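K.L.:
Structure for the following, please:
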Amino acid sequence: MEIRFLGNSLSDEIKEDFWKIVCLMDNDFVPPLSSRESSYQKGFSKEKADNKVLPVKYFEALCEQQFILATVDGKTAGFLSYKTHYTCDALGEINDSLYITTICILPEMRNRGISKRLYEEAESVIAPEEGYDYVTTRTWSTNEAQMHLLPLRGYDKVAVLKDDRGEGIDTVYFAKKIR
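P.N.:
A predicted model of the protein is given here:
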């Protein structure tokens, strides 16, 4: 496995790989990526997404962010995207952070430690080099994988927006102090 910082300069080949991953995983997210404007929007529509719509707007906004790429045997296995200088009322006193917006691992590549390696790169290399004290992210309350992984990685729950993504589905913000 290779982990590589890409910044925001994506080759056409990488963009195509990311597009395929985002389309494949569209409905793994709540709400689906195809019903979102960006990876950091606040407030979600309570309406169901049209399954015929592709996540074009989400992908366009995603491509303006920074990336860490994971490859296995030379093939794209997944990525982590992030924004710098992120602020959000839900984060309280954390007023400037490296904000992980999206992490996607191909289903056949899961359970190989790829997410762990992507998080490690963001937390121990990129955030310190950029001078951040915190790495932040958010997920939805029924995302069992992330709700389990983030506390294990040292993230603290800093805010819960009740029913933000639909009845019984909260948006949960996490932060990790890295220095």
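K.L.:
and stretch 1-17, which residues are buried?
P.N.:
Ile3, Leu10, Ile14, Asp17 (16 or more other Cβ atoms under 10 Å). Yep, even glycine has a C-beta here, placed from its N, CA and C like the rest.
K.L.:
any idea how far it is from the chain center?
P.N.:
15 Å (Cα atoms, centre = their mean, to the nearest Å).
K.L.:
measure it end to end?
P.N.:
17 Å (Cα to Cα, to the nearest Å).
K.L.:
List the contacts of that stretch.
P.N.:
Here stretch 1-17 makes contact (Cβ atoms under 8 Å, 6 or more residues apart in numbering) with 18, 63-72, 76-77, 112-114, 117-118, 120-121, 125-126.
K.L.:
what's the longest helix in the chain?
P.N.:
helix 12-25 (DSSP state H).
K.L.:
Could you look up the next helix or strand downstream of it?
P.N.:
helix 56-62 (DSSP states H and E).
K.L.:
Which helix or strand contains the most centrally placed residue in the chain?
P.N.:
Central residue of the chain (Cα atoms, centre = their mean): Thr102, 1.6 Å from the mean position. Assessed by DSSP H and E, Thr102 sits inside strand 97-105.
K.L.:
ok so, going back, which among the contacts of stretch 1-17 end up buried?
P.N.:
18, 63, 65-71, 76-77, 114, 117-118, 121, 126.
K.L.:
Go through those and flag which are in strands.
P.N.:
Gln66, Phe67, Ile68, Leu69, Ala70, Thr71, Thr76, Ala77 (DSSP state E).
K.L.:
for these, which one is nearest Asp156?
P.N.:
Of all those, Asp156 sits closest to Ile68, with 22.3 Å by Cβ to Cβ.
K.L.:
picking that back up, can you list the ones in strands among the buried ones among the contacts of stretch 1-17 in a markdown table and add pLDDT and distance to Tyr173?
P.N.:
Shown next, in a markdown table, are these (pLDDT from 0 to 100; distance: Cβ to Cβ, whole Å):
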| residue | pLDDT | distance to Tyr173 |
| --- | --- | --- |
| Gln66 | 96 | 20 |
| Phe67 | 97 | 22 |
| Ile68 | 97 | 21 |
| Leu69 | 97 | 25 |
| Ala70 | 98 | 24 |
| Thr71 | 97 | 30 |
| Thr76 | 97 | 28 |
| Ala77 | 98 | 27 |
